[in-house]
Structure formats: C-alpha cells, structure tokens
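K.L.:
next comes the sequence, and after it the predicted model I'd like to discuss.
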Amino acid sequence: MGEIPRFSKIAAGPEKGPSGAPRSNWVLRGGLGDLRDVDVLHMAWPEWWSGVDPETTARAIGRIGDSETRIVWTQHNLLPHFFKDDDAAAAYQLWASAADAVIHHTQWGMQVASETYR
C-alpha cells in the first residue's frame, strides 16, 4: 500500500440549525468558509451538506470541486432517512460520482452501494 497522505484541515460536518436538525444547503450558504483551506470534506449524510435537490447538489459539489477539496463519504445509507424519491437517489448518485473515497462498514454494504451507484 502507498503512503497515506497527511492533511492539514479536514471539514467533518455541518452545524445544526435551531431545532437541532442539520442545515441543508450548508455548503452553498458558505458553511465551509474558504474551501481552499480545506483538504478533505468528510461526510456521513450528503443531504446535510446540500439537501436532496439534484440541481442544488450539483452546485454544492461544483463549489467543492472548484476548491480542489477532496470528498470522503462514509456511506451509511443508500438513500436519505427522510427522502426516498428519485431526486434523493439522483443527489446521492452525484455525491457517489464526486467522492474521491467512500468508506463502507461491511463488504456487503460496499457491494450493494457499488451496484446501486456506478
């Protein structure tokens, strides 16, 4: 195995709103500040970063990509907990395509996710 890169700054999660729920579209509202200073964005639930609208998700991913920040996704679910529609699936597909690395909890989970999001 190759050498593990060292990172100086990792973004690991959006702040929560007044109700305790995550704030969607956080990336587009400047939630990460100057992304050029972030080496890795680590996420567990993509909808917390951009919501589930595919157009909004594409803009958020574009903003991250413009900064050259790497995306690492610990994929807990195949779809968001509260959104199980075509838009949510499309948003997850966009994140899967954009991720530089995806962490899975099991071999089975990796296989199912790989078959779902190509």
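P.N.:
Arrived safely.
K.L.:
quick one: the closest residue to S50 other than its chain neighbours from M110, how far?
P.N.:
Leaving aside its chain neighbours, S50 sits nearest to A60 (3.8 Å; criterion: CB to CB, 6 or more residues apart in numbering). Any C-beta I mention is one placed from the backbone N, CA and C, and that applies to glycine too. From A60 across to M110, the span is 25 Å (CB to CB, to the nearest Å).
K.L.:
of those two, who's got more company?
P.N.:
More crowded of A60 and M110, by other CB atoms under 10 Å: A60, with 27 against 14.
K.L.:
so which helix or strand takes in the more buried one?
P.N.:
Using DSSP states H and E, the secondary-structure element containing A60 is helix 54-66.
K.L.:
over to E115?
P.N.:
Here E115 is assigned to helix 107-116, by DSSP H and E.
K.L.:
how about that helix: buried residues?
P.N.:
For helix 107-116, burial by neighbour count (16 or more other CB atoms under 10 Å) applies to A113.
K.L.:
also stretch 83-94?
P.N.:
Neighbour counts over stretch 83-94 (16+ other CB under 10 Å) mark 87-89, 91-92, 94 as buried.
K.L.:
how about those residues in TSV, adding secondary structure?
P.N.:
Shown next, in TSV, are the buried residues of stretch 83-94 (DSSP: H, G, I helix; E, B strand; the rest coil):
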residue	secondary structure
D87	helix
A88	helix
A89	helix
A91	helix
Y92	helix
L94	helix
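K.L.:
spatially nearest residue to the spatially most central residue of the chain (excluding sequence neighbours)?
P.N.:
With distances taken as CA atoms, centre = their mean, the residue of the chain nearest its centroid is P46 (3.9 Å). In space, and not counting its chain neighbours, P46 is closest to W95: 4.2 Å by CB to CB, 6+ apart.
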